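Q: I need the structure of the sequence given here:
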Amino acid sequence: MKISMASVVTAVVLSLVVLGIIGGFTLEGTTLSRIARVNPLGLLLAAMTVAVRVLCGTWRLHFVSKGRLKWAGALRAQLAWDFFSNVTPSTIGGGPITPAYIVRDSHIRLGEATSIMLFAMLMDQIWFALAIVVVLVSGFWLEIIPAALGRLGNVTFTVYFLAFMFWVCLFGYATLVRPRILERFMDMVFRLRWLNRIHRRVLDMMAHLREHAHVLRTQRPGFYVKGFVLTVLVWLSRYLLVVVLLWSVFPNVDVLLAFFRTVAMMLGALVLPTPGGTGGIEGLYALMVGPLIPDALLAVTLFSWRLLGYYVFVAAGVYLTVRQADRALRGKKSETSAIQSELRQLRS
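A: As a prediction, the model looks like this:
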C-alpha cells in the first residue's frame, strides 16, 4: 500500500473539520478565562506521557529485534509505524506497511523486519483482549458507556467488544499455533463484494506473515513477558494523555471514569474506516469524554489531545518519509555519478 501526500492531507483536514464543528457548537466566551487557569504541571505530565509512549515503543522494537534495530533506527521505525497508522484506515493499521520502511531505513531483510512487526502487533492484540475484559467487567460498577447513548448504545458497544475479542483470540491462536487458519479466515472475509478489491493484497500480506510466524513460536516465555510489559506501558501512556489533559484544565474530573472511557473510546476507534480513525474518533471523544467536562472545554481538550497524540506524529512521519526519499535520491545520484566516472575512465 502506498502512502500519498493527498491521503495525509485528507486525514488531517477531516480531523480538523470535525474538530471545528465540535468547537462551533461548544466553545463559549468563558473558555479563555478557564484556560488561563491551566495547571502547568498537567501540561508537563501530558508531554511526558507522549515521551514515554515513544520511548517504550522504541524500546520494544529494539528489544524484539535483539539489537538488530539500533536505538535510532528503532525510534524512526516506531515513529513511522505511528505515522502509517494515522494515515491508513484503522482496520488495516500501519503494522503491515512498516516492515518496508524498516528495510529501507535500517537495511534489515524483509523477513526479519516482518517478524519484528508481527511480534509487536501480536502484543498489541493481546493487550486489546485484556483491555476489553477489564472494560466489560468494570462496566458493572462504572458508567463506562454514557447513559445518553441508551440501552442500544450499550448493547452495541458490548457486542462489538465481544466480537473484537473473538478476533483477537483468533489472531493470537492463528499466529502462534495455526497460521493457516488466519489466512483462510481473511480469504473468506475479503471475498465479500465491498472488500474484494483488496482481497489479493490481504492474502499476500497473510502469506508473508505466515512464513515468519514460526520465529515467534521459538521464543522463550521471558521474551513475551518483557515485550508485553513494554506494550502495556505504550498503551497506558496513550490513555493517560487524555486523562492528564482533562485534569490539567478541569481538576474536578472523575479521573477513574475518564480513564476507562478513554480505553473504551480507543478500542472503538480500531474499526473506524477513515485514515487513523479521523473524524470518527473526534466524535467518539465528544460522546465518551465530553460529558465528564464542561462543554466550553470540550473542543480545547480535544484539540490538545489530537495535537500531542496525532498531529505531532503525522508531522514526524512526513519528515521521515521525505528524509528517506531524499536519501534514496542521493543514493541514485551517487550511483549514476560512479557509473559515469567508470565510463569516462574506460573511454580514456
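
Q: for the closest residue to residue 283 other than its chain neighbours, grab the count of nearby residues.
A: Once flanking residues are discounted, residue 283 sits nearest to residue 18: 6.5 Å by CB to CB, 6 or more residues apart in numbering. Where you see a C-beta, it was placed from the backbone N, CA and C, and this is true even at glycine. When neighbours are counted by other CB atoms under 10 Å, residue 18 registers 21.

Q: equivalent analysis for residue 253, please.
A: By other CB under 10 Å, the residues close to residue 253 number 20.

Q: now do the SS call for residue 133.
A: Under the three-state scheme (DSSP: H, G, I helix; E, B strand; the rest coil), residue 133 adopts helix.

Q: list the residues that contact it.
A: Counting by CB atoms under 8 Å, 6 or more residues apart in numbering, residue 133 makes contact with residue 165.

Q: tell me which residues of the helix or strand where residue 155 lies are tucked away?
A: If you go by DSSP states H and E, residue 155 is part of helix 150-176. Neighbour counts using 16 or more other CB atoms under 10 Å place 154, 157, 160-161, 164-165, 167-168, 171-172, 174-175 of helix 150-176 among the buried residues.

Q: ok, those vs residue 283, which is closest?
A: residue 157 (14.1 Å; CB to CB).

Q: before we move on, back to that, kindly reformat the buried residues of helix 150-176 as CSV containing pLDDT.
A: Below are these laid out as CSV (pLDDT from 0 to 100):
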residue, pLDDT
154, 77
157, 81
160, 81
161, 82
164, 79
165, 80
167, 77
168, 77
171, 71
172, 73
174, 69
175, 69
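
Q: residue 252: which element?
A: Using DSSP H and E, residue 252 falls outside every helix and strand.

Q: need the next SSE after the helix or strand of the chain with the lowest mean pLDDT, C-terminal direction.
A: Of all helical and strand segments in the chain, the minimum by mean pLDDT, DSSP states H and E falls on helix 31-35, at a mean of 55. Counting by DSSP H and E, the next helix or strand C-terminal to helix 31-35 is helix 40-64.

Q: and for the helix or strand that comes right after that following helix, what are the contacting residues?
A: Sequence-wise, the next helix or strand downstream of helix 40-64 (DSSP H and E) is helix 71-87. Applying CB under 8 Å, 6+ apart, the contact partners of helix 71-87 are 3, 7-8, 11, 54, 57-62, 65, 69, 93-95, 97-98, 101-102, 105-106, 117, 120, 275-276, 278, 310, 313-314, 316-318, 320-321.

Q: what does stretch 266-286 give?
A: 7, 10-12, 14-15, 17-19, 22, 85-91, 128, 131-132, 135, 157, 160-161, 164, 238-239, 265, 298, 302, 305-306, 310.

Q: mind checking the end-to-end distance for it?
A: 13 Å (CA to CA, to the nearest Å).

Q: hmm, back to that, show the buried residues in the contacts of stretch 266-286.
A: Buried among those by 16+ other CB under 10 Å: 11-12, 14-15, 18-19, 22, 85-90, 128, 131-132, 135, 157, 160-161, 164, 238-239, 265, 298, 302, 305-306, 310.

Q: how about the secondary structure of the residue nearest to residue 283?
A: Going by three-state DSSP: residue 18 is helix.

Q: can you give me the helices in the stretch 201-348 of the chain?
A: 221-249, 255-268, 280-288, 298-306, 312-347 (DSSP state H, counting those that start in this stretch).

Q: what separation do you get for the residue nearest to residue 316 when sequence neighbours are not counted and residue 263?
A: Of all residues not flanking residue 316 in the chain, residue 79 sits nearest, at 4.7 Å (CB to CB, 6+ apart). Going from residue 79 to residue 263 by CB to CB, to the nearest Å gives 24 Å.

Q: got it, and residue 157?
A: According to CB to CB, residue 157 and residue 263 sit 12 Å apart.

Q: kind regards, and thank you for your time.
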